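Student: Dropping a prediction and its sequence here:
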Amino acid sequence: MAATARVARGPALTPEGSAPAPPATGPVRRRGPWRTGLLLASPAIAVLALLFVAPLFMLVYNSFRTQAGAPTLDNYTRFLGDSFYRGVLWHTLWIGALTTLGCLVVGYPFAVYLRGRSPRARNYLSLVLLSPLLISMVTRAYGWLVLLGPKGPVADAFHAVGLDAPKMLYNDTAVVVGMVHVMLAYMVLPLMGSLDRIDPALTPAAKGLGAGGWTCFWRITVPLSLPGMLAGSLIVFSLTVSSFVTPAILGGPTVKLMPYFVYTEATSNLNWPYAAAIGFVLIVVTTVLTAGYARLLRGRGGKEVFA
Amino acid sequence: MRAATTGSGAATTGSGAAGKAADTPVGTPAATGVGGRAGRLLGAAFAALVGLFLMAPVLVTIASSLTTTSYVTFPPKGLTLHWYAELLNRPEFLDSFLISIGVAAGAAVVSTALGLAAGLAIHRYPFPGKSVLDRLFSSAFAVPTIVLGIGLLQWYAQLGMASSPLTLLLAHLVLTVPYTVRLVLAGLAGLDRSAELAAAGLGATAPRVFWHVTLPAVRGPMVAGAFFALITSFDDLTIALFVVTTDMQTLPVRIFNYLQYNYDPTVTAVGTVMVFFAAVVVVVIERIVGVAHLFGADPER
C-alpha cells in the first residue's frame, strides 16, 4: 500500500531489442532467460490482468453507460451537477485532510522519540504502532464505539474532571479519531526513514556555531524530514478518502462519505454505473490532489531537500 | 476530541525534546533524540500515551467480552467466559469462521507461490513487460479496495461467475500478491549471487543450487508473506462485502451484518478470538522478518 515510497522499485527494463542480459544463474538459464522470466511471471501477470486491470477497466467502462448499457455521460453530470454529491466529495476530502493533519501532529513527535531509542525499544514500539493494521477492522472500529460512547471510558474521564463529555460518536470526530488510529503507522514509518537519514553530526555542528536548540530543530530536523512528511501525508490522505468500513461504523448516519455511496449505490440501489462513476471520481480527484500536493511541496523551498 | 488533545501535547513534547537534545555532548545517543531528564520523561510519557491510544480499542474489546451483563460495557461488570460458551451455540459464526479460514489458507498458499515465481522473474530475468508488471504491483497497493470491490463485482457479473469461496480467494490475491512479491524481492536482494555461482562452480546442478542456496534466502520472507496473506484475507471486509452473498458470509461480513441489529458481548468474544489469531500471526512475522518490512520501512533495519 505504501505505493509512493515504492514506485521505483527494481532495475530498469532491459531494452527488448538489444542483446540479452548476462545469463542469469537461475535453474534453467540455457533455455533463455527471456522465456523463463515470462513463464515464472505469467501466473502473477494473469492475476493482475484478470483481477485488477480488467475489473478497473470494466468499472471505467460501465461508468460511461446507462444501466441498460447505452453510452452516456449522465452518471458524471448527475454527480457533479448535484450540490448534495459535491458536498459529499468536499466532506470526504475534509476528513482526509483532518486525518492527515492528525497523523502528522501525533506521528511527528512519536517518530522523533523513536529515533533516540535503542533498536530493541524501537522494535517493540513499531509493533505497537503497526498492531491496528493487523487487527480486524471490524473489531477495531467497534472497540472505538465502546470507547467513545456516551457511557464509555473517555466520557467517564471527562466526568471525572467535572466536565460535560462532548458528543464523540457518529460525527466527524469519531471518524477522524478512528482513521488516525489506523493510519498513524503509514505516517510514522516514512518519517522514521527520513529522520534516520539526517547526518547526526549536523545538530552538534550547528550548536557549535552558536545555534540554539529551537533553531536546530526548525532549521535542520524539520526541513530534512520533509520528504518523509510528504510521503506519509500522501499515503494517509489517499487511503483515508477511500476507506469504507471505519467511517461507516463510526460515522453512523450523519457522516456519509464517497465510499459509502459507492457501496450503497452498488448493493442497495443496484445502480452499478453510478457506483462506478462515484468510484472513478474518487480515484481521479485523489490522484490529482496528491500529485498537485507533491508538486507544490517540491517546488517551494524543497529544492535543496529533494535534490 | 481525543486526537486533538493528544495532538497538542505532542507538539510541545516534540519541540521540548529537540531543544534538550542540543544541550547534550556530541556523540551521545541523546544528540540524535530526546535528551535531558525532563525531556526524556516527557518523551516517554508521550510515547506511552500514543501506545495507549493504539492499543485501546483492542484492550476494550477483550475486556468487555468478559462482562456478565447482557450488553457491552467497559469496564466489564464481573468476569465470565459465558459469551465464549455462547459462541458454541451459534453455528453461523462457526460456519463463517470455517469459510474465512479456508479462503485465507488458500490465498496464503497461492499468493506465496505466485510471489516466489514473480519475485524470481523480476529479480533476475529480463522479459518483455517487466517494468509494466513492476508498476502494476506498485499501483495495486494504492488502488482503493472499495473501488476494486465494485470493479470485481461488475467484472464477475460480466463473466457470469457466481459468488463462491473461489471467487473470493481470487479477489484476495490482488491484495496479497503485491506483498508476497515485495517480500521475496527483499529476500533475493539480500542474497549474495556469488554463493550461487560458487555452488554451481563446485558442480551443483541447477535444481540443487536453487534448493540449497536460493530457497533458504527467501524461505523466511515467504513464510512471513504467507502469514501476512492469511491475516489480510481473513480480516478483509471491504472486498468480501461485494463478492459474497447472504449464503456465504465470511466472519468479518457476518460480524458486520450482525452488528447492524445487535450489539451484545458475543461479538466482542468473536472479536477477541480474531485478535488472538492475529497476535499469533504477528509474532510469527515479527520473528522472521520484522513486521515493519511489510509496510515499506527501510529494509536495512
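Tutor: Looks like it came in fine. Residues are numbered from 1 along each chain as shown, chains lettered A, B, ... in the order given.
Student: When you work out contacts or count neighbours from here on, use the C-alpha atoms and nothing else.
Tutor: Noted.
Student: residues touching residue A:255, list them.
Tutor: By Cα atoms under 8 Å, 6 or more residues apart in numbering or on different chains, residue A:255 lies in contact with A:170-172, A:247-248.
Student: Just checking, which helix or strand of chain A averages the lowest pLDDT?
Tutor: Least confident helix or strand of chain A, by mean pLDDT, DSSP states H and E, is helix A:3-6 with a mean of 36.
Student: which parts of the next helix or strand along the chain from that one are buried?
Tutor: Sequence-wise, the next helix or strand downstream of helix A:3-6 (DSSP states H and E) is helix A:33-48. Buried residues in helix A:33-48, defined by neighbour count with 16 or more other Cα atoms under 10 Å in any protein chain shown: A:33-45, A:47-48.
Student: ok, and which of those reach chain B?
Tutor: Near chain B, judged by Cα under 8 Å from any Cα of the partner chain, the entries from these are A:33-38, A:40-45, A:47-48.
Student: Do you have the helices of the stretch 201-301 of chain B handy? List them.
Tutor: B:206-209, B:215-235, B:238-243, B:251-258, B:265-288 (DSSP state H, counting those that start in this stretch).
Student: where are the low-confidence patches of the chain?
Tutor: Here I'm looking at chain A. A:1-33, A:299-307 (pLDDT under 70).
Student: I was after chain B.
Tutor: B:1-36, B:291-301.
Student: quick one: is stretch B:101-113 near chain A?
Tutor: No: residues of stretch B:101-113 are not located near chain A by Cα under 8 Å from any Cα, the shortest gap being 8.7 Å.
Student: related to what we said a few turns ago, any chance of the helices of the stretch 201-301 of chain B in CSV with mean neighbour count as columns?
Tutor: Formatted as CSV, the helices of the stretch 201-301 of chain B follow (neighbours: other Cα atoms under 10 Å in any protein chain shown):
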stretch, mean neighbour count
helix B:206-209, 16
helix B:215-235, 24
helix B:238-243, 23
helix B:251-258, 21
helix B:265-288, 20
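Student: so how many other residues sit close to residue 197?
Tutor: Picked chain A for this. Other residues near residue A:197 number 11, with proximity taken as other Cα atoms under 10 Å in any protein chain shown.
Student: my bad, chain B
Tutor: Neighbour tally, residue B:197, other Cα under 10 Å: 16.
Student: host element of it?
Tutor: helix B:193-201.
Student: Mind listing what's buried along that helix?
Tutor: B:196-197, B:199-200.
Student: how far is it from where the chain is centred?
Tutor: 35 Å (Cα atoms, centre = their mean, to the nearest Å).
Student: same check, this time on stretch A:173-193
Tutor: 9 Å.
Student: One more: stretch A:54-64?
Tutor: That offset, for stretch A:54-64, works out to 23 Å (Cα atoms, centre = their mean).
Student: Can you show me the helices along the stretch 51-200 of chain A?
Tutor: A:54-63, A:74-81, A:83-115, A:119-134, A:137-148, A:153-160, A:172-197.
Student: Pipe these into a markdown table and attach distance to chain B per row.
Tutor: A markdown table is the format used below for those (distance: least, Cα to the nearest Cα, whole Å):
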| stretch | distance to chain B |
| --- | --- |
| helix A:54-63 | 5 |
| helix A:74-81 | 15 |
| helix A:83-115 | 5 |
| helix A:119-134 | 7 |
| helix A:137-148 | 4 |
| helix A:153-160 | 7 |
| helix A:172-197 | 6 |
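Student: Among those, which comes closest to residue A:296?
Tutor: helix A:83-115 (15.8 Å; Cα to Cα).
Student: Could you give me the buried positions within the closest one?
Tutor: So helix A:83-115, judged by 16+ other Cα under 10 Å, has buried residues A:85, A:88-89, A:91-93, A:95-115.
Student: Residues of the stretch 151-300 of chain B that sit close to chain A?
Tutor: Counting by Cα under 8 Å from any Cα, the stretch 151-300 of chain B sits next to chain A at B:151-152, B:154-155, B:170-171, B:173-174, B:177, B:196-197, B:206-207, B:209-210, B:231-232, B:235-238, B:242, B:252, B:255-256, B:268, B:271, B:274-275, B:278, B:282, B:291-292, B:295-298.
Student: Please confirm that residue B:76 is located within a strand.
Tutor: No: looking at residue B:76 with DSSP: H, G, I helix; E, B strand; the rest coil, it is coil, so not inside a strand.
Student: my guess is it contacts residue B:67, does it?
Tutor: Yes: taking Cα atoms under 8 Å as the definition, residue B:76 is a contact partner of residue B:67 at 4.4 Å.
Student: Can you pick out the residue with more neighbours from the two?
Tutor: residue B:67 (23 against 18).
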